[in-house]
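Asks: Show me how the following folds:
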Amino acid sequence: MVHAVVGAQFGDEGKGKMVDYFAVQADMVIRYQGGGNAGHTIVNEHGKFALHLVPSGIFNPDTDCVLGAGVVVNPMNLVRELQKLEQAGIPTKRLVISERAHLVLPYHIWQDQYEEQTRSKKVGTTLQGVGPAYQDKVGRFGLQIGEMRDTARFRERLQRAYEGKLRQIPELADMGSFDAMWTELMAAREVLLPHIRDTIPLVREAVRSGRHVLLEGQLGIMRDLDWGTYPYVTSSSPIAGGTSAGAGIPPTAIDRVTGITKAYTTAVGEGPFPTRLDDEIGAFLQEKGHEYGATTGRRRACGWLDVPALRYGAWLNGYTELALMKLDVLSGLPTVRLCTHYELGDRTYDMPLPAYLLEQVKPCYEELPGWSEDLSECKRYGDLPAAARRFVERIEELVEVPVRYISVGPARGQTIVRQP
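Replies: All right, here's what the predicted structure looks like:
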C-alpha cells in the first residue's frame, strides 16, 4: 500500500505526529518535497524532536527512510540533524538520500536573506535558502547531491555556480567565501556519502512487493506553488499530485491520501488569512496550542477552521480521510466557529480564491456549542463530549470526507481512531 500524508491548510498541521503514528506499521517513509524550511514536531517514547529534513519514520528501527528527488537538502544542516538523533540513541543508518536531490548551498541562504530584506513587500520566507535552491533547479543552475561523489568535478561545478551567483547578485560577495563554503561541504560529504544512492530500485521494489510505503511532505495546500496563496507560497508542490514526482512513484500506485488539519487554522508568514483572529480568542488558541514555528520559533497567527480550504484540498488532493489535530485546544471555549464560505461583493464562494482576491473576502461563520472538558485522556470517540463530537461530524458533513483520526494531545498515544 502507498499512503500519502499531506497538509490540508497552511502547514504546521501536525503531519509529523501522524507520520510518526503511521510509521510504526510502515516499511518505508519517503519525504517527497521541500527542504529544511518547515519542522515536524514529534513526541514519542524517545522524547520530543523537531525534524526538518529527516523523514519522521526514523524512530522505527525497521522502517527505511528516503529523501526523494523532490527534496532540496542543506547538507550541513542534515548532518547536524543526524548527529542530534544519534546522540538521542536513534540509529540513522536506514536513511537513504536520492542522488538526484538538489543541494541548498550557503549562497542560497545569502540570496534568501538579501532578497527578503530588499523586497518592498515581504513574502515571509524562513530564510533557509529553499526558494533560491528551487529557483536554481528550475533554471538548470542547480547541483545534485550525487555530484558530491566526484570532488574534482563537483568543485569545478560549484565554482562556476558560485561565480554566476555573484554576477547575478554582487552584494553576496560580502556574506561569505567560496573556501569556507567548500570546507563545510567536504566535512558534510564525509558523513552523507554512505547515504546517497539511486533510490528508484529501492522504491520500486517496495511498491511492487506490496510493502507499506508512506509519503511525507511539508507545508500544506495553501502554500502550494500553483494552488496556494501565490506569491506567499513555497517553491514546490506539497499537494498529493506532487508526491509522485518527488518520491519517484507512479500516481496509479497511491492507494490512500490522509489530509491533516487542525481543529482551527494557523499560518506563519505573510499573505491572506481570511479567518485570522487578532483578539483574545486568537491569543487563547496561540498560547494553549503552543503555536510557535518549529523552524523559526515565530508565532503562528490563529483563526477559526477554514472549511473552504478543506473542501479545496478534498478536490485537489483527493483525501480518502482526514486527521483532525489539536481538538483538545478548543476545550474551554463557550462556542466554536466554522468558516463555511466567503463573501466578496454580492457573490459567495465555497473554495479559496487567488491571493489578490482572497485578501478581500469576508469569512462567513457557523457557530456551534463549545465544551469545557479536558480531552487529553480520551481514548475512544465515544469518550469525547457530545459538543466535540458534533463539531467533528459537522466538519465531515461540510467537507464530505470522513474524519478517521482525532488528536487530543501531542503524544503518539493521544490519538483516537474512528473505524469506518
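Asks: In the protein, where's the longest helix?
Replies: Longest helix in the chain by number of residues, with DSSP state H as the criterion: helix 151-168.
Asks: And that one, what's buried?
Replies: 154, 157-158, 161-162, 165 (16 or more other Cβ atoms under 10 Å). Backbone N, C-alpha and C define where each C-beta goes, glycine included.
Asks: for it, the distance to its chain's centre please.
Replies: 30 Å (Cα atoms, centre = their mean, to the nearest Å).
Asks: and if you look at stretch 272-287?
Replies: With Cα atoms, centre = their mean, you get 21 Å for stretch 272-287.
Asks: and it, average pLDDT?
Replies: Averaged across stretch 272-287, pLDDT comes to 96.
Asks: ditto for stretch 304-314
Replies: Stretch 304-314 comes out at a mean pLDDT of 98.
Asks: contacts for it?
Replies: With contact meaning Cβ atoms under 8 Å, 6 or more residues apart in numbering, stretch 304-314 is reached by 6, 8-9, 220-222, 227, 239, 259, 261-265, 274-275, 277, 319, 322, 336-342, 349-352, 363, 365, 395, 398-401.
Asks: Please check those and keep the buried ones.
Replies: 6, 8-9, 220-222, 227, 239, 259, 261-265, 274-275, 277, 319, 322, 336-342, 351-352, 363, 395, 398-399, 401.
Asks: Quick check: Val403 vs Thr258, distance?
Replies: 11 Å (Cβ to Cβ, to the nearest Å).
Asks: what about the two, which has more around it?
Replies: More neighbours surround Thr258 than the other of Val403 and Thr258, with 24 against 21 (other Cβ atoms under 10 Å).
Asks: Next up, the contacts around that one.
Replies: 3-6, 18, 22, 319-323, 404-405.
Asks: Checking it next. Helix, strand or coil?
Replies: strand (DSSP: H, G, I helix; E, B strand; the rest coil).
Asks: Among the contacts of Thr258, which ones are in strands?
Replies: 3-6, 321-323, 404-405 (DSSP state E).
Asks: Tell me the one among these nearest to Asp374.
Replies: Tyr405 (19.4 Å; Cβ to Cβ).
Asks: Double-check that closest one against Leu327; I have them as touching.
Replies: No: contact criterion Cβ atoms under 8 Å: Tyr405 and Leu327 do not qualify, at 10.4 Å.
Asks: Specify the beta-bridge partners of Gly47.
Replies: Asn44 (DSSP bridges).
Asks: For it, give its distance to Gly382.
Replies: 32 Å.
Asks: What of Asp226?
Replies: 41 Å.
Asks: before we move on, what about Gly248?
Replies: 42 Å.
Asks: check contacts around the residue nearest in space to the middle of the chain.
Replies: By Cα atoms, centre = their mean, the chain has its centre lying nearest to Gln218, at 1.8 Å. Applying Cβ under 8 Å, 6+ apart to Gln218 gives the contacts 7, 11, 15, 31, 33-35, 37-38, 40, 234, 238.
Asks: Please consider this matter closed, and thank you.
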